[in-house]
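Participant: give me a 3D structure for the following:
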Amino acid sequence: MTWKLVHPLEDVQDIIEMGLDYLSCEENGILSPSVEIFRKCVTVTATVQVFDRSKEFLACYREEGKLLAYCWFDRGGYTTYAPEEISNAKFHHVSLELPVRQRIRLINEMIDQHILWANTYGIPVICSTSIRGDHEGFMRIHQKRGFQVKGSYAWIRTEEGMRRLHG
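Facilitator: Predicted structure coming up:
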């Protein structure tokens, strides 16, 4: 399986379509997803990472040209009670047309990338969340990877993630 950083001229439209499919499924009447805002954010992130990979991480996985998954992580998160920087996962999206085993494998590869990216840029804490109503399976994958799961939030120290990655 080959992942690549999202290219601002090649991958944005497919990410918009996959992302909005997910967001429309989870529509709760609180937020109003905007194609224009999502397109701007994906395009800006993809463009910035061409020049500076330390700001955000946005990668996609394709087979035969078809987008099957993408992941997006940022940095600069902090709690109101601790000094450690947090890298938050913005999205882990996988085509629901794929068999369950392949979806799980892709999610695990996304987690690997998150750990490696956070380690490369010295971000001490990783947080992954879900807005889905049914998030138990997603959180279980994180828990098996050593994350502490609290509801729809999964946390791990990057150094622990690295130990488990290489262990």
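Participant: and the worst-scoring helix or strand of the chain on mean pLDDT, what does it pack onto?
Facilitator: Ranked by mean pLDDT, DSSP states H and E, the helix or strand of the chain with the weakest confidence is helix 12-25, at a mean of 82. With contacts taken as 3 or more C-beta pairs under 8 Å, 6 or more residues apart in numbering; DSSP states H and E, helix 12-25 sits against helix 35-51, strand 66-73, strand 86-94. The C-beta positions use only the backbone N, C-alpha and C, and glycine is treated the same way.
Participant: in the second one, what counts as buried?
Facilitator: Neighbour counts over strand 66-73 (16 or more other C-beta atoms under 10 Å) mark Leu67, Leu68, Ala69, Tyr70, Cys71, Trp72, Phe73 as buried.
Participant: tell me the contacts of Asn88?
Facilitator: Phe73, Asp74, Arg75, Gly77, Cys127, Ser128, Thr129 (C-beta atoms under 8 Å, 6 or more residues apart in numbering).
Participant: tell me the buried residues in stretch 136-148?
Facilitator: Those would be Phe138, Met139, Ile141, His142, Arg145, Gly146, Phe147, for stretch 136-148 by 16+ other C-beta under 10 Å.
Participant: what is the neighbour count of Asp11?
Facilitator: Asp11 is flanked by 21 other residues according to other C-beta atoms under 10 Å.
Participant: dump the buried residues of strand 66-73 to JSON lines, plus pLDDT and distance to Thr2.
Facilitator: Formatted as JSON lines, the buried residues of strand 66-73 follow (pLDDT from 0 to 100; distance: C-beta to C-beta, whole Å):
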{"residue": "Leu67", "pLDDT": "96", "distance to Thr2": "13"}
{"residue": "Leu68", "pLDDT": "96", "distance to Thr2": "11"}
{"residue": "Ala69", "pLDDT": "97", "distance to Thr2": "12"}
{"residue": "Tyr70", "pLDDT": "97", "distance to Thr2": "13"}
{"residue": "Cys71", "pLDDT": "97", "distance to Thr2": "14"}
{"residue": "Trp72", "pLDDT": "97", "distance to Thr2": "18"}
{"residue": "Phe73", "pLDDT": "97", "distance to Thr2": "19"}
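Participant: dig out what Cys71 forms beta bridges with.
Facilitator: On the basis of DSSP bridges, Cys71 is bridged to Ala59, His92.
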